[in-house]
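Chemist: using only what follows, build the 3D model:
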Amino acid sequence: METRAFLDYLKNQPGYQGQMVYLHTLPPRPPRYGELDRPLPPPLATLLEKRRLMPLYSHQAGALNNLRQGHNVVVATPSASGKTLCYNLAALEAVVTEKGSRVLYLFPTKALGQDQMRALRELACPELLQQEEIAAFDGDTPVEERAAIKKRARAILTNPDMLHLGILPNHASWARFLRHLRYVVVDEAHAYKG
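Modeler: Residues are numbered from 1 along each chain as shown. The predicted structure is shown next:
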């Protein structure tokens, strides 16, 4: 359904009448691409080319350039602009170039974490990582699978509750993962309090 037809439909719904008082359509802008300070590792570059994710947008290249220099990075761009690739690029580059490196992803909800796990697996598997190297560790993770996840996962997706209740208090059993932790990704940072 095109935008105008959808808005007309909404305007005619009970409860929406008179609520929309102004509509402004922004024209599309041409994409702005960025350059990396140094090339991506060949397996990652090949994967991105294959998935048609190249060239990188300016915010993606800028984020990776800054992360490579050891800076913390916060990315705030519109929806569907490729923010997720900013952190996945850094994470995947680390697992390709740094033996044993690990990445911890924090999402405000289990549902978002599960969605992002599927997307990361779709992007990275099997060319860069095996399915079992990307795992969710949350309240729904079966107890009998948790030890294996700690041992084999290179990317763990979790939420603040599980981080504070299940990971940090048990840091001794997470020593192998934490010792090789390269990145901590905090997605939807504006959603957190405290």
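Chemist: what about the strands in this protein?
Modeler: 102-106, 134-136, 155-158, 181-186 (DSSP state E).
Chemist: a markdown table for the ones you listed, including mean pLDDT, mean neighbour count and distance to P42?
Modeler: Using the backbone N, CA and C atoms, a C-beta is placed for each residue, glycine as well. Formatted as a markdown table, the strands of the chain follow (pLDDT from 0 to 100; neighbours: other Cβ atoms under 10 Å; distance: least, Cβ to Cβ, whole Å):
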| stretch | mean pLDDT | mean neighbour count | distance to P42 |
| --- | --- | --- | --- |
| strand 102-106 | 97 | 23 | 20 |
| strand 134-136 | 97 | 24 | 21 |
| strand 155-158 | 97 | 25 | 20 |
| strand 181-186 | 96 | 16 | 20 |
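Chemist: right, and these - which one's nearest Q69?
Modeler: Comparing these against Q69 with Cβ to Cβ, the closest turns out to be strand 181-186 (13.6 Å).
Chemist: centroid residue for this structure?
Modeler: Central residue of the chain (Cα atoms, centre = their mean): T84, 4.1 Å from the mean position.
Chemist: that residue and A119 touch, don't they?
Modeler: Yes: counting by Cβ atoms under 8 Å, A119 is a contact partner of T84 at 6.9 Å.
Chemist: make a markdown table out of the strands of the chain and add distance to V143.
Modeler: A markdown table is the format used below for these (distance: least, Cβ to Cβ, whole Å):
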| stretch | distance to V143 |
| --- | --- |
| strand 102-106 | 20 |
| strand 134-136 | 14 |
| strand 155-158 | 15 |
| strand 181-186 | 23 |
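Chemist: wait, which of these is closest to H24?
Modeler: Using Cβ to Cβ as the measure, strand 181-186 is the one of the strands of the chain that comes nearest H24, at 32.6 Å.
Chemist: so which elements touch that closest one?
Modeler: The contact analysis (3 or more Cβ pairs under 8 Å, 6 or more residues apart in numbering; DSSP states H and E) places strand 181-186 against helix 83-97, strand 102-106.
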